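[1] sequence and predicted structure, then a few things I'm wondering about:
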Amino acid sequence: MENLIIIPARLESSRLPNKPLAKIADLPMIVHVMNRAIESKCGDVVVATPNQEIFDTVSLYNGTAVMTKFSHESGSDRIFEALEKYDKNNKYNKVINLQGDLPNINPSLINKAFNLLVENIDADISTLCSPIIDKKEFENPNVVKAYIGSSTKPIYAKDFVRMPGSYDHNKLYHHLGIYGYKRESLKKFININQSLREKEFKLEQLRALDNDMKIVIDFIDEIPIGVDTEEDLYNVRKELE
């Protein structure tokens with residue numbers, strides 16, 4: 001299979017430490033994410049982690065994990081190290097970076113991210129977004145928004161922001177933390193220094209835009225719960241249990 005799904009996961013989250021190992025319906029969160037990736041049936045699945053505890057947990061549940069350095073600045077930096085270690089023969093030409101805090105993601109969304117790369121040969125990266133229904137999300141810096149200039153397909157991201165600023169709210173969409181990369185695009189991305197905006201806003205996708213890489217977007221109806229806080233964890237437990 002030409003596709004590889006890599007799930008970066010680490011214990012050192014500032015808002016919710018140890019969250020990959022948090023139990024949800026009797027399974028650690030990272031195992032739920034791994035299972036959703038496997039259920040997508042669109043690629044092999046690997047967890048990339050600097051933590052022995054996560055490595056051991058994934059192995060316990062018959063998954064595949066790769067140990068990475070602690071020092072990576074972003075999830076995509078981490079998945080590239082895992083890709084290089086796991087795939088020394090360049091078997092995979094497309095890679096999904098699936099965040100390890102999306103235990104209730106619909107596996108079909110992973111397929112959608114891959115298909116975007118297949119259908120849009122000019123794109124370097126693919127990702128997914130949803131309309132913003134709750135107006136409070138516009139002023140919530142924890143909700144990352146994609147800004148698009150035109151809704152004519154193919155749709156390319158013009159910017160990513162935490163706060164709307166002067167952007168038209170009608171052109172801002174809730175961004176889901178999943179990225180598809182062509183292998184050569186991931187390598188290019190990793191070899192570019194962090195941009196000033198990436199450092200300021202802690203949004204790795206700005207590194208790509210600031211270096212003229214194309215991020216193609218498709219829309220989905222609803223964003224799965226990303227677990228960043230105790231409240232998020234409570235909500236996802238309620239849904240999955």
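    Everything's here; your move. Numbers count the residues shown, from 1 in each chain.

[2] go ahead and flag the most central residue of this structure.
    Central residue of the chain (CA atoms, centre = their mean): residue 178, 2.9 Å from the mean position.

[3] hang on, that one in a strand?
    Yes: Residue 178 forms part of a strand when assessed by DSSP: H, G, I helix; E, B strand; the rest coil.

[4] ok, it to residue 112 distance?
    When distance is defined by CB to CB, to the nearest Å, residue 178 is 9 Å away from residue 112. No exception for glycine: its C-beta is placed from N, CA and C like everyone else's.

[5] make sure residue 156 is indeed in a helix.
    No: under three-state DSSP, residue 156 falls outside any helix and is assigned strand.

[6] and for it, the neighbour number?
    18 (other CB atoms under 10 Å).

[7] residue ranges for the strands of this structure, please.
    For the chain, applying DSSP state E gives strands covering 3-8, 23-24, 27-28, 44-49, 65-67, 94-98, 125-131, 145-148, 155-161, 172-182, 215-219.

[8] Serialize those to JSON lines and add fields for distance to residue 105.
    What follows is those, written out as JSON lines (distance: least, CB to CB, whole Å):
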{"stretch": "strand 3-8", "distance to residue 105": "11"}
{"stretch": "strand 23-24", "distance to residue 105": "13"}
{"stretch": "strand 27-28", "distance to residue 105": "15"}
{"stretch": "strand 44-49", "distance to residue 105": "13"}
{"stretch": "strand 65-67", "distance to residue 105": "19"}
{"stretch": "strand 94-98", "distance to residue 105": "8"}
{"stretch": "strand 125-131", "distance to residue 105": "10"}
{"stretch": "strand 145-148", "distance to residue 105": "17"}
{"stretch": "strand 155-161", "distance to residue 105": "20"}
{"stretch": "strand 172-182", "distance to residue 105": "8"}
{"stretch": "strand 215-219", "distance to residue 105": "15"}
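
[9] what's the worst-scoring helix or strand of the chain on mean pLDDT packed up against?
    Ranking every helix and strand in the chain by mean pLDDT, DSSP states H and E puts helix 230-240 at the bottom, with a mean of 93. Other elements packing on helix 230-240 under the criterion 3 or more CB pairs under 8 Å, 6 or more residues apart in numbering; DSSP states H and E are strand 23-24.

[10] quick one: strands adjacent to the strand it packs on?
    Note on strand 23-24: by DSSP bridges, its sheet partners are strand 27-28 (antiparallel).

[11] just give me how far the strand it pairs with sits from the chain centre.
    Taking CA atoms, centre = their mean, to the nearest Å, one finds the center of strand 27-28 at 20 Å from the center of the full chain.

[12] quick check: mean pLDDT of it?
    Strand 27-28 shows a mean pLDDT of 97.

[13] sorry, back to before: for residue 178 and residue 112, list the residues in contact with both.
    By CB atoms under 8 Å, 6 or more residues apart in numbering, residue 178 and residue 112 have these common neighbours: residue 128.

[14] how about residues contacting the least confident helix or strand of the chain?
    Residues from elsewhere that reach helix 230-240, judged by CB under 8 Å, 6+ apart: 16, 19, 22, 24-25, 32, 103-104, 225-227.

[15] likewise stretch 212-219?
    Residues contacting stretch 212-219 (CB under 8 Å, 6+ apart): 112-113, 116-117, 120, 122-131, 146, 148, 154-157, 173, 185, 188-189, 205, 208-209.

[16] any buried residues in that stretch, and which?
    Buried residues in stretch 212-219, counted by 16 or more other CB atoms under 10 Å: 213-218.
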